[in-house]
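Engineer: Fold the following.
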Amino acid sequence: MDEPGARYEIRYTWTAPAWLALALAVLIGVGFVPGAEPPGNDHIELIFTPYVVLVLPAAALRRTAVHIGPRGITLGGLLIFRRPEFLPWPEIVSVTFWDGMRGPGRFRHSELEVRHRRGPAPPPQPATSPALRELDAYLSTHVDPAFVESFRGTKGSTRSMALCKVDAGRLERAVRAFAPQVHVFGDVGRP
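Structural biologist: Residues are numbered from 1 along each chain as shown. Alright, predicted model coming up:
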């Protein structure tokens, strides 16, 4: 089951947001040079300092964001703000990777979501609105019921990949090597 080279580890690294944080750190640092006049009295460094403090150490330390191995997937935490989460293969239902332009400003955004089961699945809730019942009826004729049933009672664990460089093809190969039963969705299968 552990094919050579099948393991995949995604690390935080120097991406565009990290370089922006470095530039902001330099700008903030200029304000502390003796005799330097900061531009205006707005103290904008108070706004940007938390961003710099979060992003620069993550990029510089190159900590593990995601590890895919023979036992399961470990979703790393960003410094002290999120603890790593280990999800074993028998609990994982799907892995989804999104990479693209999102939001009103059309910023590049990438995200990894792992849908999994923890404990007993909650009983299915009946659709309460007519629109949901109509959607359920439509999907029942177009989607395999076993596929739909595999997602009932699952939860999602998501990590932003904005500070990572992800090889989507390698991500898909790693998941397929260790757990061929896991569904893989999104922007995978391309470098």
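Engineer: Report the contact partners of Leu139.
Structural biologist: Neighbouring residues of Leu139 by C-beta atoms under 8 Å, 6 or more residues apart in numbering: Val148. The C-beta positions use only the backbone N, C-alpha and C, and glycine is treated the same way.
Engineer: Next one: it from His116, what distance?
Structural biologist: In this structure, Leu139 and His116 are 22 Å apart, going by C-beta to C-beta, to the nearest Å.
Engineer: go on, Ile28?
Structural biologist: To His116, Ile28 is 40 Å away according to C-beta to C-beta.
Engineer: Looking at those two, which is more packed in?
Structural biologist: Higher neighbour count among Ile28 and His116: His116, with 22 against 16, using other C-beta atoms under 10 Å.
Engineer: my read: that one touches Thr158, true?
Structural biologist: No: in this structure, His116 is not within contact of Thr158 by C-beta atoms under 8 Å, at 11.4 Å.
Engineer: how far away is the spatially most central residue of the chain from Gln181?
Structural biologist: A centroid search over the chain (C-alpha atoms, centre = their mean) returns Arg159, at 2.6 Å, as the residue closest to the centre. Taking C-beta to C-beta as the measure, Arg159 falls 22 Å from Gln181.
Engineer: low pLDDT regions in the chain?
Structural biologist: 1-5, 31-33, 35-44, 79-81, 101-108, 119-127, 188-191 (pLDDT under 70).
Engineer: what packs against the helix ranked longest in the chain?
Structural biologist: Ranked by residue count, the top helix of the chain under DSSP state H comes out as helix 45-61. Packing partners of helix 45-61 (3 or more C-beta pairs under 8 Å, 6 or more residues apart in numbering; DSSP states H and E): helix 16-30.
Engineer: Tabulate the CA atom coordinates of the helix it packs on in CSV.
Structural biologist: Provided in CSV are the C-alpha atoms of helix 16-30 (Å, rounded to 0.1, in the frame of the first residue of the first chain):
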residue,chain,number,x,y,z
ALA,A,16,2.8,36.0,-3.0
PRO,A,17,1.1,36.6,0.4
ALA,A,18,4.4,35.9,2.2
TRP,A,19,6.3,38.3,-0.1
LEU,A,20,3.7,40.9,0.6
ALA,A,21,4.1,40.4,4.4
LEU,A,22,7.9,40.8,4.0
ALA,A,23,7.4,44.1,2.1
LEU,A,24,5.0,45.3,4.9
ALA,A,25,7.6,44.3,7.5
VAL,A,26,10.1,46.5,5.8
LEU,A,27,7.7,49.4,5.6
ILE,A,28,6.8,49.0,9.3
GLY,A,29,10.5,48.7,10.1
VAL,A,30,11.3,52.0,8.4
